[in-house]
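Trainee: I need the structure of the sequence given here:
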Amino acid sequence: MPVYNFKKMAPVPSATALVDIVLTRTQRRTPTVVHPGYKITRIRNFYMRKIKFTQQTIADRLTAMLADFPRLSDIHPFYSDLCNTLYDRDHYKLALGQINTAKQLCDAVARDMIRMVKYGDSLYRCKCLKRAALGRMCTILKRQKASLSYLEEVRKHMSRLPALDPNTRTLLMCGLPNVGKSSFMNKITRANVDVQPYAFTTKSLFVGHTDYKYLRWQVIDTPGILDHSLEERNTIEMQAITALAHLTCSVLYFMDISEQCGFTIEQQCNLFRSIQPLFANKQLIVVINKIDAQPWDTLETDRKEMIENLIKESGPNTSMLHMSNITEEGVSQVKNHACDKLLAARVDSRVSGNKVDSVMNRLQVCYPAARDGVTREAFIPESVKKERDNGDDKKKPTKSRAGYAPTVNDDGDDEEADETPPESEDDMMDGGASTVARKKTARELMWENGGPGVWAPDYREQYDLDDPEWRFDAIPQILDGKNIADYVDPDIDAKLQLLEEEEERLQAEYTAANMEKMDDDASLDEMEKAQVTEIRDRVKIARTYKERSGGRNRPALPREIRGRIKDCHDDSAKLKASAIEKRMAKVGVDATQMLERGRKREREGPREKRRKSRLSKRGDAEMEDVPAAGSDEDEEMKDGRGLSKGAIKRQRKERELSVRSERSQARSHSRPRTPSEMGLKDDEMASVAKKVEKKGQKRWFGGSGEGDHTKAVHLVKWMNTGKKRNGTHYCR
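Mentor: Residues are numbered from 1 along each chain as shown. So this is what the prediction gives:
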């Protein structure tokens, strides 16, 4: 039978949300515009497509919903009864049946309305039929509000159910509340069940897993069961009853003989007898718990006889064990005994089945036949016999503690055991020795010779050669039938001598060059030496500053603004008036007039500077416009010969317009210079220079980088996909 994974069930939307999902999907996935030129057949197909698509969407949603929820008649009886206990089987089936009926009603509405749209004679009538069809289907969905809400709550609860496998090896714990079931489960599994000193701390089934004999075992903790009739038991107790009724497992019935749980031993025995029919065909173990508070030996005789008689009445499959969760006495024994009993029962059930006969026919057990009548005893070496005679076989071999930190359990006997190893392994088997010396390990030798990283074992001792004396030999002279000396350069010594001489010569030249540099410095006086030292230090600082990684991230400033004052308190600016005066005074130059001229230029505003430049340009332009005396143009203007009057008037008018336009140029414009004025050969070289200038300015004119975030216009997907056909952008 299948084991369902209820965590994969899709969420169930509410009625309103389901209507929105269906209508939105219909709006997005179907055409939305009817143009005036459409024929009536195309209009009918347009609205029939909308009705069919809506019906298909509803059918797909409801079918997936019905497929996710399990059918109680198809799943394991344990899951079926558990769903009946938790959710009420009738209510569950009624909700799923209403969803199925709603799907069929939507199909019928769509089928009827499509038949009517086929005979629609106008756009208005087809549209009204479409609205009626979608409205009736949405009304059917809205009427399922209660069923959808109930199924969503059921789905949430089923997704939280533990993943139980009804067919695997299982240990099931049951009993009255507060008898120690959850504590035992926390001891033997990796689960973490809440344990509290009051009743019904465990309100549902909890599953843990443990390992025994290389097999995975499922351990189930059930809620407490009270001693009353089946009709009076609540949902929490019925979960334990359902698990006991349907799972093939080994049952552990816990009893608290200290009566700290609030129930007497007699009440616990009565509960055992009331649920004893559920223990049929199961391996039963009565666990006497809390023996740390009330030992079994000191228990009253009448109560002890009551428990023993209970076990005798239950049959041969029942056994009794004692344990305590606090002292952990008997916890492992209870777990191992329960697992062994269940394994034996599973094997017996399989052997007694019909499948065993077909398997046994294919098995054959072979027994070796004796080849002669000689009895062959086990061979025991003489050294082992001597150890037995001397009583040394009872000694446990001592483990080396070399290289480890001393502990509390260390004795002084280890030093006596670490004796000097013999010369060979044969010495260890010497029959005349009274005691057998132990050979030192590689770890002990390592710590004796300096520790890790200092001493390395000599693996040549482990070489397996024909002659053991070959293990520590040097490189052989003959290898693979060839003389190794033949492959050595005979002039190797002479070449090595030449290399050493060349190295000595280069070292001498380097030393002489350093001495010459020191001699040059020796001819200077103290003041010059101090200046040379300062210059070298500044060069070194500048080189270091240039090569540092932090300086590459700063933009390069244009030369015209480098060193200018960035702040009135900036004393490090090189173009500050005080700095200039101080620097020029060092050289012996009076900078008073230079600073005064600079201050006067700073006082002149930008407007005054532009006015002076404009006046100078205007004077140059007027001088250029005046014709030179005796020129050909002047003669033509005077006598009018060579050109007509109209041509002369046009020339004069163009000249006046050019002068006027130059005078009225915008302030931001500058007169373009010719290549010769810029020191260039021609226009081509000027364009090349302009490109080089722009390329150099990229270093300080920053472009867009990773820090310049731009946010594009957000477009709604359902308004811009799937509808831009036939030349329309209309979204509805």
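Trainee: Please save the CA atoms from the strand or helix carrying Glu444 in CSV.
Mentor: Assigned by DSSP states H and E, Glu444 falls within helix 442-448. Extracted C-alpha coordinates of helix 442-448, given in CSV (Å, rounded to 0.1, in the frame of the first residue of the first chain):
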residue,chain,number,x,y,z
ALA,A,442,57.0,4.7,14.8
ARG,A,443,55.2,7.2,17.0
GLU,A,444,57.5,6.4,19.9
LEU,A,445,60.6,6.7,17.8
MET,A,446,59.3,10.1,16.4
TRP,A,447,58.9,11.6,19.9
GLU,A,448,62.3,10.2,21.0
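Trainee: per-residue confidence averaged over it?
Mentor: Confidence for helix 442-448, expressed as mean pLDDT, is 86.
Trainee: Could you list every helix and strand that it packs against?
Mentor: Using 3 or more Cβ pairs under 8 Å, 6 or more residues apart in numbering; DSSP states H and E, no helix or strand is in contact with helix 442-448. The C-beta positions use only the backbone N, C-alpha and C, and glycine is treated the same way.
Trainee: Within its sheet, name the partner strands of the next helix or strand after that helix and how each one runs.
Mentor: Downstream of helix 442-448, the next assigned helix or strand under DSSP H and E is strand 478-479. Pairing partners of strand 478-479, with direction, according to DSSP bridges: strand 482-483 (antiparallel).
Trainee: Name the surrounding residues that touch the partner strand.
Mentor: Gln477 (Cβ atoms under 8 Å, 6 or more residues apart in numbering).
Trainee: Just the residues contacting stretch 38-57, thanks.
Mentor: By Cβ under 8 Å, 6+ apart, stretch 38-57 touches 21-23, 25-26, 29-31, 34, 106-107, 109-110, 113-114, 117-118, 120-123, 126-127, 129-130, 133-134, 137.
Trainee: Show me which of the residues you listed are buried.
Mentor: Buried positions within those, assessed by neighbour count (16 or more other Cβ atoms under 10 Å), are 22, 25-26, 30, 106, 109-110, 113-114, 117, 120, 123, 126-127, 129-130, 133-134, 137.
Trainee: can you give me the strands for this protein?
Mentor: Here the chain has its strands, by DSSP state E, at 170-174, 206-212, 215-221, 250-256, 283-289, 318-322, 478-479, 482-483.
Trainee: if we can go back for a sec, what comes up buried for the helix holding Glu444?
Mentor: Neighbour counts over helix 442-448 (16+ other Cβ under 10 Å) mark Glu444, Met446 as buried.
Trainee: Arg143 is nearest to which of the strands of the chain?
Mentor: Across these, Arg143 has its closest neighbour in strand 206-212 (39.4 Å, Cβ to Cβ).
Trainee: in its sheet, what does that closest one sit against?
Mentor: Strand 206-212 is paired, per DSSP bridges, with strand 215-221 (antiparallel).
Trainee: tell me which residues in the partner strand are buried?
Mentor: Within strand 215-221, the residues that count as buried by 16+ other Cβ under 10 Å are Trp217, Gln218, Val219, Ile220, Asp221.
Trainee: correct me, but the fourth one touches Cys249?
Mentor: Translated: Ile220. Yes. Counting by Cβ atoms under 8 Å, Cys249 is a contact partner of Ile220 at 7.5 Å.
Trainee: Now do the helices for the stretch 1-150 of the chain: every range, in order, please.
Mentor: If DSSP state H, counting those that start in this stretch is used as the criterion, the helices of the stretch 1-150 of the chain fall at 15-29, 40-68, 77-87, 89-117, 123-142, 145-159.
Trainee: The ones you listed: lowest mean pLDDT?
Mentor: Taking the mean pLDDT of the helices of the stretch 1-150 of the chain, helix 77-87 comes last: a mean of 85.
Trainee: contact partners of that helix?
Mentor: 4, 70, 72-73, 89, 92, 154, 157-158, 161, 164, 166, 235, 238-239, 242-243, 245-247.
Trainee: repeat for stretch 269-282
Mentor: Stretch 269-282 has contacts (Cβ under 8 Å, 6+ apart) with 174-176, 225-227, 241, 244-245, 248-251, 253, 255, 286, 306-307, 310, 313-314, 317.
Trainee: ok, now with 7 Å
Mentor: Residues outside stretch 269-282 that contact it (Cβ atoms under 7 Å, 6 or more residues apart in numbering) are Leu176, Ile225, Asp227, Leu244, Ala245, Cys249, Ser250, Val251, Tyr253, Met306, Leu310, Ser314.
Trainee: Stretch 590-603 now?
Mentor: For stretch 590-603, using Cβ under 7 Å, 6+ apart, the contacting residues are Ala577, Ile580, Glu581, Met584.
Trainee: out of everything not next to it in sequence, what's closest to the second one?
Mentor: When you say that, I think you mean Ile580. In space, Ile580 comes closest to Ala591 once its chain neighbours are excluded; the distance is 6.0 Å by Cβ to Cβ, 6 or more residues apart in numbering.
Trainee: Roughly how far does that neighbour sit from Ala585?
Mentor: Ala591 sits at a distance of 7 Å from Ala585 (criterion: Cβ to Cβ, to the nearest Å).
Trainee: Of the contacts of stretch 269-282, grab the buried ones for PyMOL.
Mentor: To isolate the buried ones among those in PyMOL, judged by 16+ other Cβ under 10 Å, type:
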select buried, resi 176+225+244+249+250+251+253+310+314
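Trainee: what is the rounded mean pLDDT of stretch 372-386?
Mentor: The average pLDDT for stretch 372-386 rounds to 86.
Trainee: And that stretch, end to end?
Mentor: End-to-end span of stretch 372-386 (Cα to Cα, to the nearest Å): 32 Å.
Trainee: Among the contacts of stretch 590-603, name the buried ones.
Mentor: By 16+ other Cβ under 10 Å, these give Ile580 as buried.
Trainee: circling back to that earlier point, please flag which of the contacts of stretch 269-282 sit within helices.
Mentor: Mapping the contacts of stretch 269-282 onto helices (DSSP state H) picks out Leu244, Ala245, Met306, Leu310, Ser314.
Trainee: a markdown table please, covering those residues and showing pLDDT and distance to Met65.
Mentor: Shown next, in a markdown table, are those (pLDDT from 0 to 100; distance: Cβ to Cβ, whole Å):
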| residue | pLDDT | distance to Met65 |
| --- | --- | --- |
| Leu244 | 86 | 33 |
| Ala245 | 86 | 30 |
| Met306 | 88 | 55 |
| Leu310 | 87 | 50 |
| Ser314 | 82 | 47 |
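Trainee: what's the most distant pair in these?
Mentor: Pairwise over the ones in helices among the contacts of stretch 269-282, using Cβ to Cβ, the maximum falls at Ala245 and Met306, 26.5 Å.
Trainee: pLDDT score assigned to His519?
Mentor: One thing to correct before we go on: residue 519 is Asp, not His. 60.
Trainee: And the one 10 residues further on, by the same measure?
Mentor: At Lys529, the pLDDT value in this model is 83.
Trainee: burial count for it?
Mentor: With neighbours defined by other Cβ atoms under 10 Å, the count for Lys529 comes to 13.
Trainee: where's it relative to Arg61, distance?
Mentor: Taken as Cβ to Cβ, the span from Lys529 to Arg61 is 95 Å.
Trainee: And for Arg143?
Mentor: 16 Å.
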